[in-house]
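**Q** just need the structure, nothing else, for what follows:
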Amino acid sequence: MDAPAQKLPPPDRDPDARARLGWTLVALVLLWPLLVLAEFRPWVLFEPGNLQVMGRFLGGFLPPARSAEFLGYLLEATLETMAIATAGIALALLLAVPLSILSTRALAVAAIGPGPGRLGGRVLRAAGRAVLTFLRAVPEIVWALMFVRVLGLGPAAGVLALAITYGGMLGKVYTEILESTDTRPARAILEAGGGRFAALAYGLLPNAAQELTSYTVYRWECAVRASVIMGFVGAGGLGQLMDQSMKMLNGGEAATILLVFLILVLFADALSAALRRALA
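**A** Numbering: from 1, shown residues only. Model prediction:
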């Protein structure tokens, strides 16, 4: 007698496949009116006339400028941009660190148990979060325009604009990182009578240091790029040099400036990786 044929097990099926498909269709249905409202028509880029316009525009960037005089101006503007970004982030940290400590519930001593300080702690945390919201709600270009009017043209306006806006951004993300990590060690330190800074240093930072460092370096990279926009309103740095080159229709100089930005971004990536390895 022939052996009975073995019955193959049914193929594995994703139990959530229909739900994912349904939510994907819902997202597309909701996204389409937004794309129409934003006049999103990428196929227009590939029309023959538009391709010729883009080709002529990009062709004006070649070859990149290499004259000694321009490279001297470029080096000075690059150092100024790095100084703006670094000083702006340093001042932003002075705002972000205390506000994030104040806003982090895991570091709230009054939240340990019942007591008269619970309501006051909630009010202070809400006030800290409100300040962070206000700081990051106003774009840095608006602060730069105001400070240029007050301080005049130069990098000081860019430094202050970055410090205010990025202080709010850093403080918001720092709070979320500290609250998303394992808060049990910090809570144990507070319950044992330790202070808020001891709970931060020994309870939260050992697990969150890598992510905090990586995000801080990323924000420094963003500050370098933001200096371009602020340079168009007179805040100095590579942005102001880019504005002058574009107004003079000198695509070669603009191309060289963009290459410098690429090098700065690569440097920020390498710095972030090195710091993460050092903190591992």
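**Q** ok, residues contacting stretch 135-144?
**A** 95, 157-158, 160-162, 164-169, 171-172, 226, 229-230, 233, 235 (Cβ atoms under 8 Å, 6 or more residues apart in numbering). To be clear about C-beta, it is placed using only N, CA and C from the backbone, and glycine gets the same treatment.
**Q** nope, stretch 231-247 is what I was after
**A** Under Cβ under 8 Å, 6+ apart, the answer for stretch 231-247 is 73-74, 77-78, 80-81, 84, 141, 144-145, 147-148, 153-155, 157-158, 161, 227-230, 251, 253-254, 257, 260-261.
**Q** go again with 7 Å.
**A** By Cβ atoms under 7 Å, 6 or more residues apart in numbering, the list of residues contacting stretch 231-247 from outside reads 73-74, 77-78, 80-81, 84, 141, 144-145, 148, 153-155, 157-158, 161, 227-230, 253-254, 257, 260.
**Q** ok, of the residues you listed, which come out buried?
**A** Among those, those classed as buried by 16 or more other Cβ atoms under 10 Å are 74, 77-78, 80-81, 84, 141, 144-145, 148, 154-155, 157-158, 161, 227-230, 253-254, 257, 260.
**Q** ok, so what distance separates Gly171 from Ala156?
**A** Per Cβ to Cβ, to the nearest Å, Gly171 is found 22 Å from Ala156.
**Q** please identify which of those two sits among more neighbours.
**A** Ranked by neighbour count (other Cβ atoms under 10 Å), Gly171 and Ala156 place Gly171 first, with 29 against 17.
**Q** my guess is that one meets Ser100, correct?
**A** Yes - under the criterion of Cβ atoms under 7 Å, Gly171 makes contact with Ser100 at 4.6 Å.
**Q** picking up where we left off before, restricted to helices, list the contacts of stretch 135-144.
**A** Using DSSP state H, 95, 157-158, 160-162, 164-169, 171-172, 226, 229-230 are the members of the contacts of stretch 135-144 that sit in helices.
**Q** and Gly203, how close does it get to Leu178?
**A** As for Gly203, its distance to Leu178 is 10 Å (criterion: Cβ to Cβ).
**Q** ok, Ser214 next?
**A** For Ser214, the distance to Leu178 (Cβ to Cβ) stands at 14 Å.
**Q** between those two, which is the more surrounded one?
**A** Shown here are Ser214 and Leu178; by other Cβ under 10 Å, Leu178 has more neighbours (25 against 16).
**Q** so the more buried one: helix, strand or coil?
**A** When classified by DSSP: H, G, I helix; E, B strand; the rest coil, Leu178 comes out as helix.
**Q** now swap in the one 4 residues further on and tell me
**A** Here Asp182 is coil, with the state taken from three-state DSSP.
**Q** please identify which helix or strand holds Ala223.
**A** Following DSSP states H and E, one finds Ala223 within helix 205-231.
**Q** for Leu34, list the residues it contacts.
**A** Counting by Cβ under 7 Å, 6+ apart, Leu34 touches no other residue.
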